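K.L.:
Here is a sequence together with a model predicted from it:
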Amino acid sequence: MSMDKEELFQERLNRYTTALKGGKPDKVPIRLQLSEFMAAYAGIKLQDIYYDLDKNNEAVDKILTDFDLDVCGGAPSLWWAGLHDAVGAKYLKFAGRELEENRQFQYVEQEYMKADDYDAFIADPTKWILEAYLPRIHEEFAEPGSYRANLALIKGTAAMMMANGSAQQAAAHWAKDFGMPGSISGISKAPFDTLGDTLRGLKGIMMDLRKRPDKVLAATEMLVGHNIFYGMATAGGDTTLPCFMPLHRGSFPFLNPTQWDTFYWPSLKAVIEGMWKLGKQTMFYAEGNWTPYLEAIAELPAHSIVFHVDQTDMAKAKEVLGGRFCLSGNVPNTLLAYGKPAEVKEYVKRLLHDYAADGAFIIDSAGVMQTDVKAENVFALIEAAREFGTY
Amino acid sequence: MATLTDELASAIAELEDEKVLDLVQTRLDSGTSPLEIVGNLQQGMTEVGMRFEAGTYFLSELVMCGEIMKDAMNILEPRLAGADQKHRGSIVIGTVKGDVHDLGKNIVVMLLKGAGYNVIDLGIDVPGEKFIEAIRANGAPLVGMSVLLTACQEGMKGIIEEIRAAGLDTRVVIGGNYVDESVRDYVKADYFAHNASDAVKIADGIFVH
């Protein structure tokens, strides 16, 4: 790393981690979940982003050349579609295969775990995943133990190594050549979301709350240890950056207050506290509206999370969580897509004036950006963040 | 909350699934007309919608109600064939092309049906021509479009343009997580719904005339 890039890297990382820990850096750090927007900006089709690891990383190079960010959340595609094709994944659809060449990937939600799978899942989740779940969601793995299934395991593992290797090399390249640190390390979930997102699905989990509440509780309790481990393992043990935790079914108004207090919160709290004991902060990526739950969230250990505001009431979040946790957010995605640069600047100015004065604030879009976002509005966001966000 | 005097309507509102199915079967066996039973179920669903709007019910209760209704209608539908089902008007609904998210849309469909509308649900990934075909076939004065992925909002605009180009003046209501005034104005829809009960209110406003 050249000296100036090394200095730049340290300066940005310090700015970001100072805010994460509740402090006041020299400037409000800029972290943007640019996602598929990066592909659109770089003029790369989405099918290429999903299927070609190099192009996926190239999109980031173009962004880092043109935009003044403090941290980078990685490449636009989270998944390598080739890996999923190699094992015949039935739960994902990608541009260039099932979808048109420039469509965002889709997750096909179904009850991949059945109601009567609970006991086996709780008793030995790894065994159940290997013997029941993976065969259901992968064509190539339909008959575990068969020649085809064994090859699928080899192909899947090799592809995973290639994808991870590519991501690691890319992160090193962005650090060395752009002085750009990452924004997160590792990923985990709320145990209720692990169960409700990809195993039981929304309908399944909502029915379970009434039909078999004890099983839901037992499964979420069992997942606590797993999700702590997963967060730490996917971070490679790093504790400098927070663990990304996209939160779904706990947003308002999915669950009634009793359900939230009973089924969603205790196990999520245990995961966050478990990681915090290991020195790992959680990026509480609260998708949707979490306003009614701010008081409960405030009970977490100080600085154990960074609370990301999407549609949560920012004023209430500041009132209840301010001083205790760093906040991030919340330039509306519709403003970035349909607003004018002057409107974006005005929003950012007011946001920073009202909520960033004491530090412990990171500017970001409210939700993950997609191809509808206009580049001139992203430039306006950054320009205003630098103009009004220097302490 | 309204007081529901009918036992079946009340069982739906309280989400007592087994009781609902028992009552549907018992009433059918005792000769009650299937249409009358549907009417009672709708009364209960309207109450569920009102409780959601009042903030005492949440999405978990709406999903549960939808499942109970599905089971009840499975018993009733074979008996309804040929029956002259009265409804308050036809509404075409679907998730727009490019998007496969339908959880929100399904809840809206349930509440609209509960409110007595004839809902033509086109499912997910629906292109403009399918919307147009269904609007024409049913003479629907209102069409609902759902979109979760913000990148598919552009496509929604195109679909609305196609509907207008086909000479249809059907009102268009849109809904989805990141849908607000700015999206409504951009795609040139007539209304946006922030949640499922908004959608019913918008429909009620249109069909009252």
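P.N.:
Perfect, thanks for sending it. Residues are numbered from 1 along each chain as shown, chains lettered A, B, ... in the order given.
K.L.:
drop to CA atoms for contacts and neighbour counts, all remaining ones
P.N.:
Noted.
K.L.:
can you confirm residue A:349 is in a strand?
P.N.:
No. Checked against DSSP: H, G, I helix; E, B strand; the rest coil, residue A:349 lies outside a strand; its state is helix.
K.L.:
looking at it, it is touching residue A:382, isn't it?
P.N.:
No. Counting by C-alpha atoms under 8 Å, residue A:349 sits too far from residue A:382 to count as a contact (10.8 Å).
K.L.:
neighbour count winner among these two?
P.N.:
Remark: of residue A:349 and residue A:382, residue A:382 carries more neighbours, 24 against 18, as counted by other C-alpha atoms under 10 Å in any protein chain shown.
K.L.:
Tell me which helix or strand that one sits in.
P.N.:
Under the criterion of DSSP states H and E, residue A:382 resides in helix A:375-388.
K.L.:
Pull out the buried residues from that helix.
P.N.:
Of all the residues in helix A:375-388, those buried under the rule 16 or more other C-alpha atoms under 10 Å in any protein chain shown are A:375, A:377, A:378, A:379, A:380, A:381, A:382, A:383, A:384, A:385, A:386, A:388.
K.L.:
and the stretch 201-350 of chain A, which of its residues are near chain B?
P.N.:
Residues of the stretch 201-350 of chain A that fall close to chain B, judged by C-alpha under 8 Å from any C-alpha of the partner chain: A:202-203, A:206-207, A:253-256, A:288, A:333-335, A:338-339.
K.L.:
how about 6 Å then?
P.N.:
Neighbours of chain B within the stretch 201-350 of chain A, by C-alpha under 6 Å from any C-alpha of the partner chain: A:206, A:253, A:254, A:255, A:256.
K.L.:
dump the residue contacts of the third one.
P.N.:
Just to be clear, that refers to residue A:254. B:58, B:59, B:60 (C-alpha atoms under 6 Å, 6 or more residues apart in numbering or on different chains).
K.L.:
Contacts for the helix holding residue A:382, please.
P.N.:
A:336, A:341, A:345, A:349.
K.L.:
Stretch A:27-35 too?
P.N.:
A:16, A:69-71, A:76, A:362-364, A:368-369, A:389-391.
K.L.:
Inside strands: which ones of these?
P.N.:
If you go by DSSP state E, those have A:362, A:363, A:364 in strands.
K.L.:
need the contact list for the last one.
P.N.:
In other words, residue A:364. By C-alpha under 6 Å, 6+ apart, the residues touching residue A:364 are A:31, A:32, A:329, A:330.
K.L.:
re the thing from before, for the contacts of residue A:254, which one is nearest chain A?
P.N.:
residue B:59 (4.6 Å; C-alpha to the nearest C-alpha).
K.L.:
Now do that closest one against residue A:280, distance only.
P.N.:
Using C-alpha to C-alpha, to the nearest Å, residue B:59 is found at 33 Å from residue A:280.
K.L.:
what about the two, which has more around it?
P.N.:
Counting neighbours by other C-alpha under 10 Å for residue B:59 and for residue A:280 shows that residue A:280 has the greater number, 26 against 18.
K.L.:
so the more buried one touches residue A:239, yeah?
P.N.:
Yes. Under the criterion of C-alpha atoms under 6 Å, residue A:280 is in contact with residue A:239, at a separation of 4.9 Å.
K.L.:
Keep only those of the contacts of residue A:254 that are also close to chain A.
P.N.:
Residues of those in contact with chain A (C-alpha under 6 Å from any C-alpha): B:58, B:59, B:60.
K.L.:
Residue in the stretch 201-350 of chain A with the shortest distance to chain B?
P.N.:
For the stretch 201-350 of chain A, C-alpha to the nearest C-alpha, closest residue to chain B: residue A:254, 4.6 Å.
K.L.:
The contacts of residue A:364 in strands, which ones?
P.N.:
A:329, A:330.
K.L.:
The residue of the stretch 51-200 of chain A found nearest chain B: what's its closest spatial neighbour, skipping adjacent residues?
P.N.:
The nearest approach of the stretch 51-200 of chain A to chain B comes at residue A:103, 6.8 Å away (C-alpha to the nearest C-alpha). Residue nearest to residue A:103 in three dimensions, not counting chain neighbours: residue A:95, with 5.3 Å by C-alpha to C-alpha, 6 or more residues apart in numbering or on different chains.
K.L.:
I'd like to know how many residues surround the one you found.
P.N.:
With other C-alpha under 10 Å as criterion, residue A:95 counts 21.
K.L.:
and it, what does it touch?
P.N.:
Neighbours of residue A:95 in contact, by C-alpha under 6 Å, 6+ apart: A:47, A:101, A:103.
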